[in-house]
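Peer 1: predicted model follows, preceded by the sequence.
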Amino acid sequence: LLTLSQMKTVDTAVAVLVPRAFAERIDNVRRQHDRYFTRWTPHVPIMFPFRAATEFSTLIPQFHSALASVRPSEVTLSEVSQFKTSYSSSVFLKADPTDFFSEIQQRLLEVVPNCSDMCEGFAPQVVLGQARRAPDLATLHTHAAEHITLPMRFPVAHVALLWRPSESGPFQIGALIPLGGA
């Protein structure tokens, strides 16, 4: 049985943030096609939903220890791809190396084992948008090709704990946890 402090919420997340220089290009596509554009900055989600922001102060030192053995790495957003749900299709940038993101996720699960919602079939990605109809999906792919030059490579040296103060507000950085014990 989970205690109240172990309950998850959709108002927090753990993610790797895309650097601003690349985020601006990605947002040129997301602004038109991602229904969650105002909620999220471009990111690779690691855990969502996550624990309440009131737990961050307790989790930060535990996450710092858990991630001490994970070396910073260069990440590549390598290709535009998509997946289909029963409701719509989502278009995303594939993030590599997959094992780097999986290692982060697995280390953090040692601290918060009930935050495993994203583990099964985990595919690191940055969402560009959603489309319900084939013409909209084609337009989204065209906009991605016009605005985003791939591959995008950048170093990742930390993960972010994100939170939002209200259900309709944007996510904000609550803490940055360094990789490699820095």
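Peer 2: Now that the structure is in, tell me what you want to look at.
Peer 1: put the alpha carbons of the longest strand along the chain into CSV.
Peer 2: Longest strand of the chain, by residue count under DSSP state E: strand 73-84. Output in CSV follows, covering the C-alpha atoms of strand 73-84 (Å, rounded to 0.1, in the frame of the first residue of the first chain):
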residue,chain,number,x,y,z
SER,A,73,26.7,11.3,-22.7
GLU,A,74,26.2,12.9,-26.1
VAL,A,75,22.6,12.4,-27.2
THR,A,76,21.4,12.4,-30.8
LEU,A,77,18.0,13.2,-32.1
SER,A,78,18.3,11.1,-35.2
GLU,A,79,15.1,10.7,-37.1
VAL,A,80,11.5,11.6,-37.4
SER,A,81,9.2,8.7,-36.6
GLN,A,82,5.6,8.1,-35.4
PHE,A,83,3.4,5.9,-33.4
LYS,A,84,-0.3,5.4,-33.6
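Peer 1: for that strand, buried residues please.
Peer 2: Within strand 73-84, the residues scored as buried using 16 or more other C-beta atoms under 10 Å are 73, 75-77, 80. In this view, the C-beta of every residue, glycine as well, is placed from N, C-alpha and C.
Peer 1: also stretch 136-151?
Peer 2: With burial defined by 16+ other C-beta under 10 Å, the residues of stretch 136-151 counted as buried are 137, 140-141, 143-144, 147-148.
Peer 1: same question for stretch 46-61.
Peer 2: 46-48, 50-53, 55-56, 59.
Peer 1: what's the answer for stretch 101-119, then?
Peer 2: 101, 103-105, 107-109, 111-112, 115, 118.
Peer 1: same question for stretch 170-182.
Peer 2: Using 16+ other C-beta under 10 Å as the test for burial, stretch 170-182 gives 171, 174-175, 177, 179.
Peer 1: one more: stretch 116-133?
Peer 2: Within stretch 116-133, the residues that count as buried by 16+ other C-beta under 10 Å are 118, 124-131.
Peer 1: quick check, nearest of these to residue 23?
Peer 2: Nearest to residue 23 among those: residue 126, at 9.1 Å, using C-beta to C-beta.
Peer 1: secondary structure element for that closest one?
Peer 2: Using DSSP states H and E, residue 126 falls within strand 125-131.
Peer 1: what residues does that strand touch?
Peer 2: Identification of contacts with strand 125-131 by C-beta atoms under 8 Å, 6 or more residues apart in numbering yields 18, 26, 29-30, 32-36, 42-44, 77, 80-81, 88-95, 137, 139-140, 144, 148.
Peer 1: now the buried residues of strand 73-84 in a markdown table, with distance to residue 153?
Peer 2: Supplementary listing: the buried residues of strand 73-84 in a markdown table, determined by distance: C-beta to C-beta, whole Å:
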| residue | distance to residue 153 |
| --- | --- |
| 73 | 11 |
| 75 | 7 |
| 76 | 5 |
| 77 | 8 |
| 80 | 16 |
